[in-house]
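A.B. asks: Need coordinates for the below:
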Amino acid sequence: MKTSQLIKWAGLFGIAGGLILFAGDMLLYYNGNETDRLINMAVSSDWRIILSGVFALFATWFYLLGLIPVYYAFKPAGALVRNTVIILWSGILTAYGVVHGAYTAIAVAAKISHQNQLDLVENSRLAIEVNNAIRLFVYPVFFALSVIFIYQVLKGKTLYPKWILFFYPLLPFLLRKPISSLLNGKYLIILGGGYLNLILILFFTASFIALWDKLVVNEENKTDT
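C.D. replies: Now for the predicted structure:
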C-alpha cells in the first residue's frame with residue numbers, strides 16, 4: 001500500500017475509535033426507561049460493563065491510529081509543531097480510554113451498591129472523584145493543543161482548510177451545556193452520555209473529508225512523475 005493511501009484510509013480508524021467508545025458509553029448508560037446515568041449503571045448487566053471496558057482499550061488504539069492523517073496535515077508547520085500537536089493529541093485520546101475505564105469503576109461500585117441496597121451516590125463517590133481528578137489533568141493539555149491547532153490552521157500552515165475549525169472539538173465542547181439543555185429523555189442519555197466521543201467522530205470525519213482531495217492529488221502527481 002502506498003504511503004498516501006495509508007494516510008488517506010487511516011482517518012477511518014479515528015472515526016471507528018469514536019464509534020466504538022460511543023457504543024461503550026451506551027453499554028454503561030443507556031436504559032430506555034431511565035435517564036439517571038448512575039441508576040442505569042447500577043442495573044447494568046455484568047457483560048455490558050465488561051464489554052464497555054474492553055471497548056475502551058480498542059477505541060484508544062483506533063483513536064491513536066487516527067492521528068496519522070493529522071500528522072500528515074501538519075507537515076508544513078515543521079517538525080517541532082507537528083510533533084507537539086501529535087503528543088498533545090495522543091495525551092488527550094489516551095485520557096479518553098483512562099476516563100472511560102474509571103467510569104467502569106463507577107459502574108461496578110454502583111452495581112454493588114444496588115445489589116446490597118446501599119446508597120448509590122455515597123458508595124460511588126470515591127470512583128467519581130477519581131474520574132473527576134483525571135479530567136483536571138486533561139483540560140490544560142486540551143487548552144494547549146487548541147491554541148496551537150487553531151493558530152496554525154488560521155495562518156495556513158497546515159493542509160487543513162480553515163473550515164476544519166468548526167469541527168475541531170473546542171467549539172462543540174463549549175456548546176455541550178447549551179445543547180444538553182435542549183435534550184431530555186433517551187436523547188439526553190444518547191447524545192449527552194456519548195457527547196465527548198461524538199465530537200471526536202465529527203472531527204475525524206471532517207479531517208478525512210478535508211484531506212481526501214489533497215491525498216488524491218498527491219497520488220496523481222507521483223503517478224505522473
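
A.B. asks: The strand or helix carrying Y71 - contacts with which helices or strands?
C.D. replies: Element membership of Y71 [criterion: DSSP states H and E] is helix 68-73. Contacts defined by 3 or more Cβ pairs under 8 Å, 6 or more residues apart in numbering; DSSP states H and E place helix 68-73 against helix 3-29, helix 79-115, helix 195-224. Where C-beta positions appear, they are placed from N, C-alpha and C, glycine not excepted.

A.B. asks: pLDDT wise, what is the residue most central in space within the chain at?
C.D. replies: Note on the chain: the residue nearest the mean C-alpha position is N197, at 4.0 Å, using Cα atoms, centre = their mean. Looking at N197, its pLDDT reads 94.

A.B. asks: My guess is it contacts D25. True?
C.D. replies: Yes. Using Cβ atoms under 8 Å, N197 is in contact with D25, at 6.3 Å.

A.B. asks: which of the residues in the worst-scoring helix or strand of the chain on mean pLDDT are buried?
C.D. replies: Lowest by mean pLDDT, DSSP states H and E among the helices and strands of the chain is helix 185-187, with a mean of 76. Residues of helix 185-187 classed as buried: none (neighbour count, 16 or more other Cβ atoms under 10 Å).

A.B. asks: Give me the contacts around it.
C.D. replies: Applying Cβ atoms under 8 Å, 6 or more residues apart in numbering, the external contacts of helix 185-187 come out as 30, 32, 35.

A.B. asks: which is the next helix or strand following it?
C.D. replies: Immediately after helix 185-187, counting by DSSP H and E, sits helix 193.

A.B. asks: avg pLDDT for that next one?
C.D. replies: 82.

A.B. asks: Ok, stretch 109-125 next?
C.D. replies: Mean predicted confidence for stretch 109-125 is 91.

A.B. asks: and I86, how many neighbours does it have?
C.D. replies: 17 (other Cβ atoms under 10 Å).

A.B. asks: In this structure it contacts Y72, no?
C.D. replies: No. With contact defined as Cβ under 8 Å, I86 does not count as touching Y72 (10.5 Å).

A.B. asks: Contacts for the one helix or strand G53 maps to next, please.
C.D. replies: Following DSSP H and E, one finds G53 within helix 46-65. By Cβ under 8 Å, 6+ apart, the residues outside helix 46-65 that reach it are 10, 13-14, 16-18, 20-21, 23-25, 27-28, 41, 90, 93-94, 96-97, 100-101, 103-104, 107-108, 111, 197, 200.
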